[in-house]
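# Sequence and computational prediction follow.
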Amino acid sequence: EPEVTQTPSHQVTQMGQEVILRCVPISNHLYFYWYRQILGQKVEFLVSFYNNEISEKSEIFDDQFSVERPDGSNFTLKIRSTKLEDSAMYFCASSRGSGTATNEKLFFGSGTQLSVL
Amino acid sequence: AQSVTQLGSHVSVSEGALVLLRCNYSSSVPPYLFWYVQYPNQGLQLLLKYTSAATLVKGINGFEAEFKKSETSFHLTKPSAHMSDAAEYFCAVRTGAGSYQLTFGKGTKLSVIP
């Protein structure tokens, strides 16, 4: 089965530093997403991206966050100035369609554990 | 707003016993509902999804879930637990209008006792 690839698996950064999390979605997919899971809490939606623009975003996705698909294969999440509360597992996901078709799936990567010190 | 509630953060069953993981939803429109499984150090994997085609949905690894509108429930079941089923299970509802924007429950960790 095809896979969404995320690198690195674990990233440590200092508070206030910029961090970029990288993802390679499945090649023929059109929709791209970032979710995060703070330890012990729910998986939370951050943002969806389609046709080279953000289609939906949550309240969490404020001006400190940005996403980009720089080269047609990678999909990145940038946190401009990290805070302690940004420490979480960040999951990238991709899908061929928007989720209504019966035989369609959302594929998740294995995640990047971000630790902000 | 659409949401899901998973009852029980931790469920233990004996190997071979019935698995029942509970999920109730709240939605003002016909919901799209999902169950995902997360094995240690892995991403989320879709078990099954409900998109109004049929109320009883069969998924991978012998799991199934039944959509019951009258009870606003979408419980996950498996007749006979296997050791490999030990994982965390998440119920989710699609809240985005045009994408896979999902709202997840808090998760239920399933332990299987040999």
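Sure, I can see it.
# Which strand or helix spans residue 93?
Picking chain A for this. strand A:88-95 (DSSP states H and E).
# Chain B is the one I meant
Under the criterion DSSP H and E, the helix or strand holding residue B:93 is strand B:87-94.
# Packing partners of the strand holding residue A:93?
strand A:5-7, strand A:19-24, strand A:31-37, strand A:75-79, strand A:106-108, strand A:112-116 (3 or more C-beta pairs under 8 Å, 6 or more residues apart in numbering or on different chains; DSSP states H and E). C-beta: built from backbone N, CA, C; applies to glycine.
# Just give the nearest non-adjacent residue to residue B:111, would you?
Closest residue to residue B:111 apart from its sequence neighbours, by C-beta to C-beta, 6 or more residues apart in numbering or on different chains: residue B:12 at 4.4 Å.
# Which positions in the strand or helix carrying the one you found come out as buried?
Residue B:12 belongs to strand B:10-14 when assigned by DSSP H and E. Of the residues in strand B:10-14, B:11, B:13 count as buried by neighbour count, 16 or more other C-beta atoms under 10 Å in any protein chain shown.
# How about stretch A:2-16?
Within stretch A:2-16, judged by 16+ other C-beta under 10 Å, the buried ones are A:4, A:6, A:11, A:13.
# gap between the residue positioned nearest the centre of chain B and residue B:44?
The residue lying closest to the centre of chain B (C-alpha atoms, centre = their mean) is residue B:35, at 3.3 Å. With distances taken as C-beta to C-beta, to the nearest Å, residue B:35 is found 10 Å from residue B:44.
# Pull up the overlap in contacts between those two.
Both residue B:35 and residue B:44 are contacted by residue B:90, under the criterion C-beta atoms under 8 Å, 6 or more residues apart in numbering or on different chains.
# Any idea what the residue nearest the centre of chain A is bridged to?
Centroid check for chain A by C-alpha atoms, centre = their mean gives residue A:34 as the closest residue, at 2.6 Å. Judged by DSSP bridges, the bridge partners of residue A:34 are residue A:47, residue A:92.
# same deal with residue B:23?
residue B:6.
# residues contacting it?
So, once contact is read as C-beta under 8 Å, 6+ apart, residue B:23 ends up touching B:4-7, B:33, B:35, B:65, B:73-76, B:91, B:105.
# Let's see that with 7 Å instead.
B:4, B:6, B:73, B:74, B:75, B:76, B:91, B:105 (C-beta atoms under 7 Å, 6 or more residues apart in numbering or on different chains).
# can you pick the most crowded of those?
Ranked by neighbour count (other C-beta atoms under 10 Å in any protein chain shown), those have residue B:91 at the top, with 30 neighbours.
# Run through the bridge partners of that one.
What pairs with residue B:91, by the bridge criterion (DSSP bridges), is residue B:35.
# Would you tell me which residues of chain A are close to chain B?
A:31, A:33, A:42-43, A:45, A:48, A:50, A:55-56, A:91, A:95, A:98-100, A:102, A:105-106, A:108-111 (C-beta under 7 Å from any C-beta of the partner chain).
# any low-confidence regions in chain A?
Within chain A, the segments meeting pLDDT under 70 span A:102.
# ok, now with 80
Residue ranges of chain A with pLDDT under 80: A:1, A:98-104.
# quick revisit: what's the spacing between the residue nearest to the centre of chain A and residue A:96?
For residue A:34, the distance to residue A:96 - C-beta to C-beta - is 18 Å.
# try residue A:28
In terms of C-beta to C-beta, residue A:28 sits 7 Å off from residue A:96.
# got it, and residue A:15?
Residue A:15 is 38 Å from residue A:96, by C-beta to C-beta.
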